[in-house]
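Colleague: need the 3D shape of this:
(3 chains)
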Amino acid sequence: MIGFLKLLSRNRLSLAGLVVIIAVIFVALVTPLLPLPDPDVIDTKNRFKTPFNTDAILGTDHLGRDLMSRLLWGTRLSLAVGFCAAFLAALIGSSIGIISGFYGKHVDNILMRGIDMLMAFPYILLALAIVAALGPGLFNALIAVAIVNIPFFARNIRGVTVGITHKEFIDAARLSGMTDTRIIITEVLPNVFPVIVIAMSTTVGWMILETAGLSFLGLGSQPPQADLGSMLGEARAALITSPYTSVVPGAMILIIVMAINLLGDGIRDALDPRLKSGVLSSPRPRTLVADYSKTKNLDASELLSVSNLKTQFHIGNRNYKAVDGVSIYAKKGACLGIIGESGSGKSVTALSIMGLVSSPPGIITEGYVNYKGIDLIQTNDQKLRSLRGGKISYIFQDPLSSLHPLYTVQQQLEEAILAHQNLSKEEVYQKCIELLKSVRIPNPKQRAKDYPHQLSGGMRQRVSIAMALANDPEVIIADEPTTALDVTVQAQILSLLRELTSQRGLAIIFITHDFGVVSQICDEVAVMYAGKIVEYGPSEMILNHPAHPYTSKLMGCVPEIGKGKRKLASIDGLPPMVDKLDQGCAFAPRCQSTISECLTNDIKLRDVNRNMKVRCIKPETHL
Amino acid sequence: MQPILEAKNLLKNFPLNMGILERKKAQIHAVRSVSLKVNKGETLGIVGESGCGKSTLARMLVGLTEPTNGDILIQNNKLDKKSQKSGLPRVIQYVFQDPISSLNPRKTIRQVMNVPLTHLQKLSEKDREKQIKQLFKAVNLQEEFLERYPHEFSGGQAQRIGIARALAANPRILVLDEPVSALDVSVQAQVLNLLSSLKKDFGLTYVFISHDLAVVETVSDRVAVMYFGEIVEIGPAQEIFIKPKHPYTKLLAESAPKIGTKLQLNEKSNKDLPDPTHPPKGCAFFARCNHSTDKCLDAHPELQSDENSVFVACHNPLG
Amino acid sequence: MLGYILKRLFSAIPVLLGISIIVFLIMAMIPGDPATAILGSFATPENVEKLNRDLGLDKTLFQRYFIWLGNILQGDFGRSYSLNKNVIDEVVERFGATLILAGTSFIMCSLIGICAGVLSAAKQFQLTDKLITFIVLLGISIPSFFLGMMMILLFAVHLRWFPVSGMWPIYGARDLTALAGHLALPASALAVVATGVIARLSRSAMLEILRQDYIRTARAKGLDEKIVIWRHALRAAMVSILPILGIQAGFVLSGAVYIEMVFQWPGVGRMLVDAILKRDILLVQGGVVFVAACYVIFNIAVDVAQHLLDPRIKT
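Modeller: Residues are numbered from 1 along each chain as shown, chains lettered A, B, ... in the order given. Below you'll find the model as predicted:
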């Protein structure tokens, strides 16, 4: 609860909303105690008194009634009716939603058909019909507004419930012997509740508006009793002569609803865990770069190199050093592997090269990426864009999510080509078919017309590769391109990549977590741990004689085919969190050859031999 | 030997949602007639690629998915709605693939652990306390974790909690559905080793499902290979990938990347899997197979045993 | 495609039946005696009985429903006693006026709302975003009838840019310019709330899409940011924006009732409110069923558009 308030208070507008709404509610509550004139006493002699006079602060209305008094009593009424309607709608709607979502099948079908029926009306028609049947009156208006809003809750809550019902912890609860009712109460409800609160907080304002609207039409509160809506309705006749009689209740509605909406937004932000972790922020077109001194003279003969790259994630007041001083070199016609466990910074390294790390929260704080003398981190947007997908292209992990679902293969390929080349329509099409052929997609003319969801996983990844090849790149950065694929398909994709490397003299930077894959495709490999490269060299050498204890231990953990049932070697402990790294070697707490120096000194990456580098004081191999 | 768990001709079809007006209902044939026996104390590995029906099979074995057809016998008792109510589920428990999402985010670990102890074992609070302590010790977790919420744990820790919860029902059989595929290698090795020591300590029987051949081989006594909703081969773990009988097993074994081997491509064509709504009449692997004959196209191969307890569903089994 | 449209139209039949049942039942719930309402409380018992027979009130609920349904299927919605006119004629005439108002307003709020949402999402956390978010919040918090009144005060009374109310000038030609002048204020007042809602939901739909992998792919391809936003992201976001537009059309239609009251627009909403206050049940019944049926048809059109937009939905 305190945490919730803290989160809420982070949003200053919401806090203002909270203060206003509390003030309004307080005034509404104490209204009966205030020394106000009776709101319903008619005094036609004193009608239309302008505001700020001694008798009536806000003036009087067309029947000479004190506007201040009527305003406060009306606010009281409007708030009560609005909140009641919201509560009723939430209670009934959420119950329907939970039951419908949890039981599914026929129950769901019947309930949702009923809800669809209600939603087939523009809401006011239904409300009008209900008021017509029950007769005008505030209570009837309340019922109408509540009923009209039931579908909103039922639908939303049903959607969330369906999602939760399919979560594994519901299955687990079932296997643990819980009954359905108990599962709904202890497993589903606590997870749905925040959504109900969010839905309520974002609709209370709306419901106050709706009841005010019905009263405005003369179908809600009946004279002499008045809520804010009917005050406005009565004032309409005198709009031109005495506008303040309209402005007073209208402004009050605006203030209340606005405050509630501001508060509602704050509640939503505070309760939605996705917003909390910043997941819902949309990434900028390019990773942010901190202001640091630029390197001037870059070697134009190098194809692509990364030097001392540091990429961090700033989330809240934490600073995750995802990549902490990485240097790698891509060579023509060779494949460089970057291997590591999750959180080691391997993907962030790959994405940093072309500024594709999500910002916020990502930020590049140091280092440069040298492509033939151009620093890709400091170069202007236009230059970077001309290289993206041009000379340097990417292949991503999950081909289904990384291809646009609503465009055909052809549209996506042609677009990639046209972003960098000026070709006629016919030429582009030819090129597109050629590309599909080159990645060995059978029947390319047919497949070009398909949408990604119509292709198998392997075919989709071939399309991604074709797209990466579209503009004859020099470097391809492949971020776990086979992780989402089955082994038999993986073998095909790997051999395709291998072939392309040698045929076209491509440089590939290949991110993976699989030593087997490294062995099959990489010429060189960099092993990453906690944002740093711990070992770098020819892959054959490293796989046969790993120098860093982490590499050798990690390889020991990998089960291999053909050795039968056995106990595996394992590494005790967990990889460190990169937001609180201690001094010294990050692997030291899990290493068996740790000495005191490992804990105090910053360990440098140093040469083991001519080709191999290691970040260790006591490497396991000396050559 | 008497099998502790037996599946007879298990079949599962999922109806495709075609709308009310469609007369003919299309169905996905997820599991097509699977029979298997698991002996007491053994680990049966089930391996296969995505969409082969291995997870559906696993869910049927524990009663989370109702089979369209076929029977499941647990210690010779039939698993159905009635026996599920009477507490048969206690005997067989399930460990989920995604360790975090198998824990209710709004419950502390103690609350999670208490559920099976209260509802299945019907223990008093004091006994529950004692059991939880023992279980946490068995899976190498500190007791102070009990008051925390799931999101505070790493994948490996959460999976240990998932295992402890399954053990809290005091089961005889654990069905493990890809229990380590969401974990990093170093953590994966920890969990696999833990599983094998628990099996000894608690006298368990495992059904271990994974897409990773090497992992399955490391933990299993026998391995069943699934393809397109069927078991195509069952055999001893130490041999099945070295001396495969079914061409598909061979393809799988050769495709798995190994350290120190060069890339070799064993399948020239890029044939897709057959359509799961219209299973072929003959062998499902026909189109991808290098050894196929006309018979494979027409006649469905049945699972048959050869001389050494290896079962294979192939008209032309390999050497 | 044609098959899908037919199928969709076919599936609307149960919905329309459901609507007719709901409306009929609600109207049947009305307490009191409609005959008394029509004839006044001084009517002779014979006259009341005769009228009840004429209205079919001596039959069972079940029979009455089917008679009523049969009649409305033939276009006979009964006769309005308060206007002494066929219900259907009045409803169609009034609905035409409402359509002009709501249609204009709907086009306004869709275009402005989506653009504002996209812009806001593309510039998340920047000044543009904050400004749009605040204006949108103001828009969804203000009662449209209050806004309408304030607009009359400012633009019609004070500045005299537009006429105060009505659909046509009392004197002078009833041409398009005259209509546009009369339409400007009510259509804008009506559009404000829906614009806000559409902008809000478009923004969150866009934010959801912008962090998808395929947007990163589009950027990795080297596409211009304008293309990434307005082609790749908006196209995908439209899949979730379209249903919102469908729902908002209902809100615009609903809001039109208030606006028609404020601006004396001769639409169906004002007719309904008058009919309720005069207890002219047949007119209410007919009006509600007719407008709801039109809304159902409109939503089918939205579904069809959705279908065209998203190849993943199976035909």
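Colleague: now for chain C, the helix or strand with the poorest mean pLDDT.
Modeller: Counting by mean pLDDT, DSSP states H and E, the weakest-scoring helix or strand in chain C turns out to be helix C:34-39, with a mean of 63.
Colleague: mean confidence score for whichever helix or strand comes after that helix?
Modeller: Going down the chain from helix C:34-39, the next helix or strand is helix C:45-55, by DSSP states H and E. Helix C:45-55 carries an average pLDDT of 72.
Colleague: specify the angle between the helix or strand following helix C:45-55 and helix C:45-55 in degrees.
Modeller: As assigned by DSSP H and E, the chain's next helix or strand after helix C:45-55 is helix C:61-73. Counting by axes from the mean of the first three to the mean of the last three Cα atoms, to 10 degrees, helix C:61-73 lies at 60 degrees to helix C:45-55.
Colleague: now helix C:61-73, how far from the centre of its chain.
Modeller: When C-alpha coordinates are averaged (Cα atoms, centre = their mean, to the nearest Å), helix C:61-73 and its chain have centres 26 Å apart.
Colleague: ditto for stretch B:203-215
Modeller: In this view, stretch B:203-215 has its centroid 7 Å away from the chain centroid, taken as Cα atoms, centre = their mean.
Colleague: buried set for that stretch?
Modeller: B:Leu204, B:Thr205, B:Tyr206, B:Val207, B:Phe208, B:Ile209, B:Ser210, B:His211, B:Asp212, B:Leu213, B:Ala214, B:Val215 (16 or more other Cβ atoms under 10 Å in any protein chain shown). Where C-beta positions appear, they are placed from N, C-alpha and C, glycine not excepted.
Colleague: how about the nearest residue to the second one, chain neighbours excluded?
Modeller: What it means is B:Thr205. Nearest residue to B:Thr205 in three dimensions, chain neighbours excluded: B:Ile173, at 4.7 Å (Cβ to Cβ, 6 or more residues apart in numbering or on different chains).
Colleague: and what of the last one?
Modeller: Distance criterion Cβ to Cβ, 6+ apart; nearest residue to B:Val215, sequence neighbours excluded, is A:Pro559 at 5.3 Å.
Colleague: what's the distance between that neighbour and B:Gly45?
Modeller: Separation of A:Pro559 from B:Gly45 (Cβ to Cβ, to the nearest Å) stands at 12 Å.
Colleague: which one's more surrounded, those two?
Modeller: Higher neighbour count among A:Pro559 and B:Gly45: B:Gly45, with 27 against 20, using other Cβ atoms under 10 Å in any protein chain shown.
Colleague: tell me the contacts of the closest residue to that one other than its chain neighbours?
Modeller: Spatial nearest neighbour of B:Gly45, excluding adjacent residues (Cβ to Cβ, 6+ apart): B:Ser220 at 3.2 Å. Neighbouring residues of B:Ser220 by Cβ atoms under 8 Å, 6 or more residues apart in numbering or on different chains: A:Lys565, B:Thr43, B:Leu44, B:Gly45, B:Phe208, B:Ala237.
Colleague: what of A:Ala56?
Modeller: Residues in contact with A:Ala56 (Cβ under 8 Å, 6+ apart) are A:Pro37, A:Asn46, A:Lys49, A:Asp66, A:Leu67, A:Met68.
Colleague: still on that earlier bit, burial count for the residue nearest to B:Thr205?
Modeller: Neighbour count of B:Ile173, defined by other Cβ under 10 Å: 20.
Colleague: what sits against it?
Modeller: B:Ile173 is in contact with B:Ile4, B:Leu5, B:Val38, B:Ile74, B:Val91, B:Ile92, B:Gln93, B:Leu204, B:Thr205, B:Tyr206, B:Val207, counting by Cβ under 8 Å, 6+ apart.
Colleague: now do the phi/psi pair for it.
Modeller: For B:Ile173, the backbone dihedrals (degrees, to the nearest 10) come out as phi -120, psi 140.
Colleague: what's across from it in the sheet?
Modeller: Under DSSP bridges, the beta-bridge partners of B:Ile173 are B:Ile92, B:Thr205.
Colleague: who in chain C is up against chain B?
Modeller: C:Lys7, C:Phe10, C:Ser11 (Cβ under 8 Å from any Cβ of the partner chain).
Colleague: for those, which one is nearest chain B?
Modeller: Set against chain B, the nearest of the residues of chain C next to chain B by Cβ to the nearest Cβ is C:Lys7 (6.1 Å).
Colleague: residue in chain A nearest to chain B?
Modeller: Counting by Cβ to the nearest Cβ, chain A gets nearest chain B through A:Gly516, at 2.9 Å.
Colleague: can you map out the helices along the stretch 101-250 of chain C?
Modeller: Along the stretch 101-250 of chain C, counting by DSSP state H, counting those that start in this stretch, helices occupy C:127-141, C:144-151, C:176-210, C:213-220, C:225-227, C:234-263.
Colleague: repeat for chain B
Modeller: Ranges of helices in chain B, per DSSP state H, are B:54-61, B:81-85, B:109-119, B:125-138, B:155-168, B:185-202, B:213-219, B:237-240, B:247-255, B:294-298.
Colleague: now those as a markdown table including mean pLDDT?
Modeller: Output for those, formatted as a markdown table (pLDDT from 0 to 100):
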| stretch | mean pLDDT |
| --- | --- |
| helix B:54-61 | 92 |
| helix B:81-85 | 71 |
| helix B:109-119 | 91 |
| helix B:125-138 | 92 |
| helix B:155-168 | 92 |
| helix B:185-202 | 90 |
| helix B:213-219 | 91 |
| helix B:237-240 | 88 |
| helix B:247-255 | 90 |
| helix B:294-298 | 87 |
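Colleague: of all these, which one is nearest C:Met261?
Modeller: The closest of the helices of chain B to C:Met261 is helix B:109-119. By Cβ to Cβ, the value is 55.1 Å.
Colleague: enumerate every residue touching the one residue in the stretch 451-600 of chain A that gets nearest to chain C.
Modeller: Going by Cβ to the nearest Cβ, chain C is nearest to A:Tyr451 of the stretch 451-600 of chain A, at 4.7 Å. A:Tyr451 is in contact with A:Pro405, A:Leu406, A:Tyr407, A:Thr408, A:Val409, C:Pro311, C:Arg312, counting by Cβ under 8 Å, 6+ apart.
Colleague: tell me, what's the model's pLDDT at it?
Modeller: With respect to pLDDT, A:Tyr451 scores 92.
Colleague: and it, how close does it get to C:Trp230?
Modeller: In this view, A:Tyr451 and C:Trp230 are 21 Å apart by Cβ to Cβ.
Colleague: swap in B:Gln190?
Modeller: Remark: distance between B:Gln190 and C:Trp230 (Cβ to Cβ) = 49 Å.
Colleague: neighbour count winner among these two?
Modeller: Counted by other Cβ under 10 Å, B:Gln190 and C:Trp230 do not tie: B:Gln190 has more neighbours, with 24 against 14.
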